[in-house]
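[1] Could you work out the structure for the sequence below:
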Amino acid sequence: MEIIYSKQNPKVALHLIYRANEFYNIEEGHRKDIVDAKEFIQVSALKMKKGQKFKPHQHIWKDGEERVIAQESWVIIRGSVKCSFYDTDGAILAEPILNVGDCSITLAGGHTYSILEDETLVYEYKTGPYKGSEKDKIFIDEN
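    All right, here's what the predicted structure looks like:
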C-alpha cells in the first residue's frame with residue numbers, strides 16, 4: 001500500500017493507494033483493514049472463500065461528531081485514472097495512476113482525477129451526509 005503523507009505535518013497520512021495485486025497477499029477467507037479505525041471512512045480488502053457467510057446484522061445509529069470531514073475513495077472497475085493528490089496547503093504531493101482494481105482513499109488534503117480512457121468506470125465512496133458544494137469543499141488553484 002502506498003501512503004502519502006503531508007509535507008506540512010509529516011506524521012499525518014492524507015492519501016492511500018491500495019493496488020489490486022495486493023489482494024494476493026491476503027489469506028483466503030480473511031480481511032485486511034486498509035484504513036485505521038479512527039477515520040470516518042472505513043475500507044477493507046476481503047479475500048473470500050466459496051460458501052463463506054457473515055452473521056446477519058444491522059448497523060446502529062451513533063451520535064455525530066462536532067467536527068467531521070468528507071473522506072473519499074475511488075475503485076477503478078474499467079479504464080485508468082490519474083490522481084493528483086494535494087497537501088493541506090494546496091501543494092501537489094503525488095500523481096499516481098490507478099488501473100483496474102486499484103483503490104484510492106483520501107483521508108484529508110485535496111485531490112482531483114483525470115480520466116485517461118474512454119468509458120472508464122469507477123465506484124466512488126464518500127462519507128456523508130452531503131450538504132452541497134458550498135458546505136463540503138474549497139477549490140484549489142491548479143497552477
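[2] For burial, what's the neighbour tally of the nearest residue to Glu39 once chain neighbours are set aside?
    Closest residue to Glu39 in three dimensions, ignoring its sequence neighbours and counting by CB to CB, 6 or more residues apart in numbering: Leu107, at 5.7 Å. (C-beta placed from N, C-alpha, C; glycine too.) By the other CB atoms under 10 Å criterion, the neighbourhood of Leu107 contains 20 residues.
[3] isn't Leu107 right next to Ala70, touching?
    No - contact status for Leu107 versus Ala70: not in contact, 10.4 Å apart, counting by CB atoms under 8 Å.
[4] so where do the strands sit in the protein?
    Read by DSSP state E, the chain holds these strands, from start to end of the chain: 2-5, 13-18, 30-33, 44-47, 72-78, 81-86, 92-94, 97-98, 103-106, 110-115, 121-126.
[5] Identify all contacting residues around stretch 115-127.
    Contacts with stretch 115-127, where a contact means CB atoms under 8 Å, 6 or more residues apart in numbering, come from 40-41, 43, 68-82, 97.
[6] Let me see the contact set for the most centrally placed residue in the chain.
    Geometric centre of the chain, nearest residue: Ile105, 1.6 Å, by CA atoms, centre = their mean. Shown here is Ile105, whose contacts under the criterion CB under 8 Å, 6+ apart are His15, Leu16, Ile17, Tyr18, Ile34, Val35, Ile41, Val43, Gln71, Glu72, Ser73.
[7] Pick the one among those closest to Glu2.
    Comparing the contacts of Ile105 against Glu2 with CB to CB places Ile17 closest, at 4.0 Å.
[8] partner residues bridging that closest one?
    Glu2, Ser104 (DSSP bridges).
[9] show me what contacts the residue lying farthest from the centre of the chain?
    Checked against the mean C-alpha position of the chain, the extreme residue using CA atoms, centre = their mean is Gly51, at a distance of 28.5 Å. For Gly51, the contact set (CB under 8 Å, 6+ apart) is empty.
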